[in-house]
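J.: what follows is a predicted protein model with its sequence.
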Amino acid sequence: MNPQDTQPVKSGLPLLALAVGAFGIGVTEFSPMGLLPVIADGVGVSIPSAGMLISAYAIGVMVGAPLMTLAFSRWSRRKALILLMAIFTIGNVLSALSPNYTTLLLARLVTSLNHGAFFGLGSLVAASVVPRHKQASAVATMFMGLTIANVGGVPAATWLGQVIGWRMSFAATAVLGLAAMLSLWFALPAGEAGRRPNVRHELAVLKSPVVLLALLTTVLGAGAMFTLYTYIAPTLADITGASPAFITGMLVLIGLGFTLGNGLGGRLADRSLDGTLIFFLVLVIVDLLAFPWLASTKIGAAIALLIFGVATFAVVPPLQMGVMRAATAAPGLASSVNVGAFNLGNAVGAAAGGAVISAGMGYAAVPIAGAVIAAGGLALVLLQRAGNVRRRKLAMQGC
């Protein structure tokens, strides 16, 4: 989007600063899931009503991603990222101070506005500080903050909220926002101010069939993951007979899988974006199809969920890089919208799993539904790959 920060610099500190921001965003996105009963009691609403705080956040991410990216495009990327984390910090402070449910809901919407634009612009910065053949790994390093949040940050914030109070959980997350702002200020190059965006032109880029296919692949990839992940606790209780302690351990194991898969997906995507997507989507399909059988024992469930975590998050770096490269005329906007597509996939997966359960098919059918969604994503990748081959052949013939 903006021709800035294009000269490679030492990548370690910038990528670490971006990961700190991603860590904070991961904590604020996922920690309320474990605090819903406490929050519901604190603001005097039912648990389903408190669940709307999570839905509101996801909606804010999808709406805010393109709007905030376009609004901040005139700033240097360092300044834009710092301002986005300032919105994050203010949103969490407002959440901690909210006197009632309505103000808390609005505060969550404010907090969510930074999410898509931060990961979108952050992906561009991560890619700009390394050579082209290491760009996917750099993007994966930023997303590593999100995966580590699931392993350590979210459980810590949940514990803090349960022991001291949910307001302190939001307050502590706001402190993470301040730390991210300082990290970004000292670690990123100043960069140049951007140009006023041609909104019509940039939005037109998103209408390209290639970009739309890439975004739809992201929706299906995330949908496959969240079909099972959303209902992992009742599914394990039903199939495995798991105790709450075992379920907690499995959630930590999935988080470890996310972290391993993120790094592995980034390194392999540097070699082949399509090849990485195809391999791990096939692995997701096989794992989900085998899940009802494997989860009949605790050891089998642990193996299946570790593979699930690795495979589902290994597709994230290549999906993000794929959209950025498909939308070369507007990579920042496309990258931000792709993060919104992840959240849309979350909603699609949760809805698919819920539909299967409501239809009386049983919890064993939940991972099967996820496998079907993953198969749709795999079909789109193969379709895109065939199209790329045809275009290369036509280009060679034209020469």
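T.: Okay, I see it.
J.: give me the buried positions along stretch 53-73.
T.: If you call a residue buried by 16 or more other CB atoms under 10 Å, then stretch 53-73 has these buried ones: 53-54, 56-62, 64-66, 68-70, 72-73. Just so you know, the C-beta spots here come from the backbone N, C-alpha and C atoms, and that holds for glycine as well.
J.: I meant to write stretch 81-98 there.
T.: In stretch 81-98, counting by 16+ other CB under 10 Å, buried: 81-85, 87-96, 98.
J.: hmm, who's touching it?
T.: 18, 21, 24-25, 28, 43, 68, 72, 75, 103-104, 106-108, 110-114, 117-118, 121-122, 125, 167-168, 170-171, 173-174, 177-178, 180-181, 184-185, 188 (CB atoms under 8 Å, 6 or more residues apart in numbering).
J.: pull out the buried members of these.
T.: Neighbour counting with 16+ other CB under 10 Å marks 18, 21, 24-25, 28, 43, 68, 72, 75, 104, 107-108, 110-114, 117-118, 121-122, 125, 167, 170-171, 173-174, 177-178, 180-181, 184, 188 as buried within these.
J.: now, which of those lie within strands?
T.: Within these, no residue falls in strands by DSSP state E.
J.: report pLDDT for residue 395.
T.: Looking at residue 395, its pLDDT is 63.
J.: start at 872, not 1
T.: All set: I'll call the first residue 872, so the last point we hit is now residue 1266.
J.: low-scoring pLDDT stretches of the protein, where are they?
T.: Low-confidence segments of the chain (pLDDT under 70): 872-882, 905, 918-919, 1062-1076, 1199-1203, 1259-1260, 1262-1270.
J.: what are the ranges of the helices in the stretch 1072-1221 of the chain?
T.: In the stretch 1072-1221 of the chain, the helices defined using DSSP state H, counting those that start in this stretch lie at 1080-1100, 1103-1110, 1115-1140, 1144-1165, 1169-1185, 1187-1197, 1202-1229.
J.: pull the longest helix from this structure.
T.: helix 1236-1269 (DSSP state H).
J.: check which residues of it are buried.
T.: 1236-1249, 1251-1252, 1255.
J.: so what's residue 987 closest to, chain neighbours aside?
T.: Excluding the flanking residues, the one nearest residue 987 by CB to CB, 6 or more residues apart in numbering is residue 936, at 2.6 Å.
J.: which ones are touching that neighbour?
T.: Counting by CB under 8 Å, 6+ apart, residue 936 makes contact with 986-988, 991, 1207-1208, 1210-1211.
J.: show me which pair in the residues you listed is furthest apart.
T.: Using CB to CB, the contacts of residue 936 span at most 12.1 Å, a distance reached by 986 and 1208.
J.: looking at those two, which one has more neighbours?
T.: residue 986 (30 against 25; other CB atoms under 10 Å).
J.: the more buried one and residue 1196, how far apart?
T.: 22 Å (CB to CB, to the nearest Å).
J.: one more: residue 927?
T.: In terms of CB to CB, residue 927 sits 32 Å off from residue 1196.
J.: what of residue 1227?
T.: 35 Å.
J.: of the two, who's got more company?
T.: residue 1227 (21 against 17).
J.: residue 1241 is in contact with that one, correct?
T.: No: with contact defined as CB atoms under 8 Å, residue 1227 does not reach residue 1241; the gap is 9.4 Å.
J.: turn the contacts of residue 936 into a markdown table, columns for distance to residue 1231.
T.: Shown next, in a markdown table, are these (distance: CB to CB, whole Å):
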| residue | distance to residue 1231 |
| --- | --- |
| 986 | 36 |
| 987 | 36 |
| 988 | 41 |
| 991 | 40 |
| 1207 | 40 |
| 1208 | 37 |
| 1210 | 35 |
| 1211 | 33 |
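J.: for these, which one is nearest residue 1082?
T.: After measuring the contacts of residue 936 against residue 1082 - CB to CB - the closest member comes out as residue 1208, at 8.8 Å.
J.: quick check: residue 1010 touching residue 1138?
T.: No: applying CB under 8 Å as the test, residue 1010 and residue 1138 come out as separate, 11.3 Å apart.
J.: neighbour-wise, which of the two wins?
T.: The residue with more neighbours, out of residue 1010 and residue 1138, is residue 1010; 33 against 16, by other CB under 10 Å.
J.: give me the element the more buried one is part of.
T.: helix 1006-1019 (DSSP states H and E).
J.: by contact count, what packs against that helix?
T.: For helix 1006-1019, the helices and strands in contact under the criterion 3 or more CB pairs under 8 Å, 6 or more residues apart in numbering; DSSP states H and E are helix 883-914, helix 986-999, helix 1115-1140, helix 1187-1197.
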